[in-house]
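# return a 3D structure for these sequence lines:
(2 chains)
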There are 2 protein chains.
Amino acid sequence: MKSPHLAPLPLAKVYQLIEPGPVVLLTTSAGGRANVMTMSWHMMLDFEPPLLACIVSNRNHSFSALRRTKECVIAIPAARLARLAVKIGNCSGRRVDKFEKFALTPLPARRVSPPLVAECFANLECRVVDAALASRYNLFVLEVVQAWRDPRQKNPRTIHHRGYGTFAVDGRVIRIASRMR
Amino acid sequence: MKSPHLAPLPLAKVYQLIEPGPVVLLTTSAGGRANVMTMSWHMMLDFEPPLLACIVSNRNHSFSALRRTKECVIAIPAARLARLAVKIGNCSGRRVDKFEKFALTPLPARRVSPPLVAECFANLECRVVDAALASRYNLFVLEVVQAWRDPRQKNPRTIHHRGYGTFAVDGRVIRIASRMR
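Numbering: from 1, shown residues only, chains lettered A, B, ... in the order given. Presented below is the predicted three-dimensional model:
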């Protein structure tokens, strides 16, 4: 039921998207309503199956949906969506339907209930596999169970948040011979 | 006992360095010997006191030193040190004194035993405050207890690892009005 323009991304390549530290969007779905927030506090935990950790503050509306449903989608926006990512981060799903307000296109995911975000160049369907540190640090361990990329978005540049709406955009790409994965 | 060129960085600003997801170096010290590794799997957990999480694989020589001594320094290299960061990541402190091999300049930290790295534009002295997930995920929670920056390195560009020695270097910086810290 996904949009035909999306192509599956091998799970073994997911870390290559998260490890560089981009600003991402996180979608959840609870009570028949989807929500989306902007997030920068995340990291990889393991290559395959791809495990990652993220911080979703208990002050955020998404926290309870994530804790209860144990499902989310991490969608990665290219730099042209930077302004949108800031707007999404500056309002709460408690008061607004952000998909409607920002004219985002939700797409059905394959393995989880929260929607993909069609405008993003990658979408990672995730399940919460460990919430042991959710109370103490708002930390959730996620397993990526299905990943998608948009082949029409070539060489997307991501954004990296330096605080207070300042972002570094990806610049040149360098390649250095390395034995590290 | 620090080098006179380093200036203290307010702890409230530490997240602005880690949140963008740069490749960092991590120094440890055990048995009178300092070691350094390259690391990309880290994230912020809280603003102040600055808490962060990082993954140090138990296959790395640094794992046991970090677990035992509960101290480390996170040093952030600018892009001109990318080649060095790769070399540091491609050999093990089990066999090599990396500070000597790569002519790195260790500087005494103020509050922890592992050294600062003089060549880096920022150095964060850290204590392990939670190792509950160290066995399961190699995850350490660190508190930054002292932070330094090198005022001579203006507007440093950091690097973001995309796997196999490919890095995105920080490009242009954009500023968007935001209510988010």
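# helices along chain A, start to end?
For chain A, the helices defined by DSSP state H cover A:15-18, A:62-69, A:82-89, A:98-101, A:134-137.
# and the ones you listed as a markdown table, adding mean neighbour count, mean pLDDT and distance to chain B?
Glycine gets a C-beta too; all of them are placed from N, C-alpha and C. Written out in a markdown table, the entries for the helices of chain A read as follows (neighbours: other C-beta atoms under 10 Å in any protein chain shown; pLDDT from 0 to 100; distance: least, C-beta to the nearest C-beta, whole Å):
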| stretch | mean neighbour count | mean pLDDT | distance to chain B |
| --- | --- | --- | --- |
| helix A:15-18 | 24 | 98 | 4 |
| helix A:62-69 | 19 | 97 | 14 |
| helix A:82-89 | 20 | 98 | 5 |
| helix A:98-101 | 16 | 98 | 15 |
| helix A:134-137 | 14 | 96 | 5 |
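# distance to B:Met180 for those helices - can I get that in a markdown table?
Formatted as a markdown table, the entries for the helices of chain A read as follows, by distance: least, C-beta to C-beta, whole Å:
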| stretch | distance to B:Met180 |
| --- | --- |
| helix A:15-18 | 20 |
| helix A:62-69 | 14 |
| helix A:82-89 | 5 |
| helix A:98-101 | 15 |
| helix A:134-137 | 19 |
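# anything in stretch A:30-47 near chain B?
Yes: applying C-beta under 8 Å from any C-beta of the partner chain, one finds stretch A:30-47 in contact with chain B at A:Thr38, A:Ser40, A:Trp41, A:His42, A:Met43, A:Met44, A:Leu45, A:Asp46.
# that stretch: which residues count as buried?
By neighbour count on 16 or more other C-beta atoms under 10 Å in any protein chain shown, the buried set for stretch A:30-47 is A:30, A:34-47.
# please identify which of the residues of stretch A:30-47 next to chain B is nearest to A:Val169.
For these, the closest approach to A:Val169 (C-beta to C-beta) belongs to A:Ser40, at 14.2 Å.
# so what's the closest one up against?
The contact partners of A:Ser40, taken as C-beta atoms under 8 Å, 6 or more residues apart in numbering or on different chains, are A:Gly21, A:Val23, A:Val24, A:His160, A:His161, B:Glu19, B:Pro20, B:Met44.
# what's the farthest-apart pair in those?
Taking every pair in the contacts of A:Ser40 and measuring C-beta to C-beta, the maximum separation is 14.1 Å, between A:Val24 and B:Met44.
# so what sits opposite the closest residue to A:Pro49 other than its chain neighbours in the bridge?
Nearest in space to A:Pro49, with sequence neighbours left out and distances taken as C-beta to C-beta, 6 or more residues apart in numbering or on different chains, is A:Glu143 at 5.4 Å. Under DSSP bridges, the beta-bridge partners of A:Glu143 are A:Leu51, A:Arg127.
# sounds good, over and out.
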